[in-house]
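# okay, predicted coordinates and the sequence, questions at the end:
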Amino acid sequence: MSLAPINPSDEQDVLFALAACLGADPEIFYVEKGGSSAEAKSICRGCRVDEQCLDYALENNELHGIWGGHSQPELRILRRERRRATPTPIDGDARLPKAEKTILNVLAQFPNGRARRQLALLSGYSSTSGGFNNALSKLRTAGLINKSGEPIKATTEGFATINHTRQAG
Ligand code: SF4
């Protein structure tokens, strides 16, 4: 990815000001077809905003470059998985999909929340898997976990949904 000038009043700009690729050669992130993305991915692995970067790329349909440690073929797979995901937002009356339910149940045990990688581990997912990241995005969109940052915590609505789901069996 390449970074535009920082506007401190813009939340997205402030986020990307923390990017590990800030100052890196953009060509590393835009390799020719058949080229290696290993160097870019190695930078992304040390990035504090990799999850937000990935969300940004998926939400904005970025069709070029490495984003959140993912190449374009990997991003295409994640986009397909997102499209397949339930389009309707989760609400208190809906049955939670398995991944979201697992994550919320883990968070129910930790009112102070968990770091993203810890949460993935406790939920039985890889923190970089599309399933885990899609589930987090859907939970965020539905307002069942905090919108961004770490630790990740269930919101009041999230706890209510867990209880509702448990009562519904
Ligand atoms: S995840 Fe990679 S591409 Fe995205 S901001 Fe971080 S270093 Fe840059």
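Structure's in. What do you need?
# the helix or strand of the chain with the lowest mean pLDDT: what's the following helix or strand?
Scoring the helices and strands of the chain by mean pLDDT, DSSP states H and E places helix 11-16 at the bottom, with a mean of 63. Using DSSP states H and E, the helix or strand that follows helix 11-16 in sequence is helix 38-45.
# right, is stretch 37-54 up against the ligand?
Yes: counting by C-beta under 6 Å from any ligand atom, contacts between stretch 37-54 and the ligand involve 43-44, 47, 49-50, 53. Yep, even glycine has a C-beta here, placed from its N, CA and C like the rest.
# end-to-end on stretch 119-129?
Between the opening and closing residues of stretch 119-129 we find a distance of 13 Å, counting by C-alpha to C-alpha, to the nearest Å.
# what residues of that stretch count as buried?
Burial within stretch 119-129, assessed by neighbour count using 16 or more other C-beta atoms under 10 Å, is assigned to 119-120, 122-123, 125, 127-128.
# one more: stretch 58-77?
58, 62, 65-72, 74-75.
# returning to that earlier point: report the two of the buried residues of stretch 119-129 separated the most.
In those, two members sit farther apart than any others by C-beta to C-beta. They are Leu122 and Thr128, at 15.6 Å.
# how many residues are close by the closest residue to Asn133 other than its chain neighbours?
Ranked by C-beta to C-beta, 6 or more residues apart in numbering and with sequence neighbours excluded, the top spatial neighbour of Asn133 is Leu54, at 6.4 Å. A count of nearby residues for Leu54, using other C-beta atoms under 10 Å, gives 23.
# residue contacts, Leu54?
Remark: with contacts taken as C-beta atoms under 8 Å, 6 or more residues apart in numbering, Leu54 is in contact with 67-70, 78, 133.
# now Leu136
Contact partners of Leu136, counting by C-beta under 8 Å, 6+ apart, are 51, 103, 116, 145, 152.
# for the helix or strand containing it, buried residues please.
Secondary structure from DSSP H and E places Leu136 in helix 130-141. Applying a neighbour-count criterion of 16+ other C-beta under 10 Å, one finds 130-140 buried in helix 130-141.
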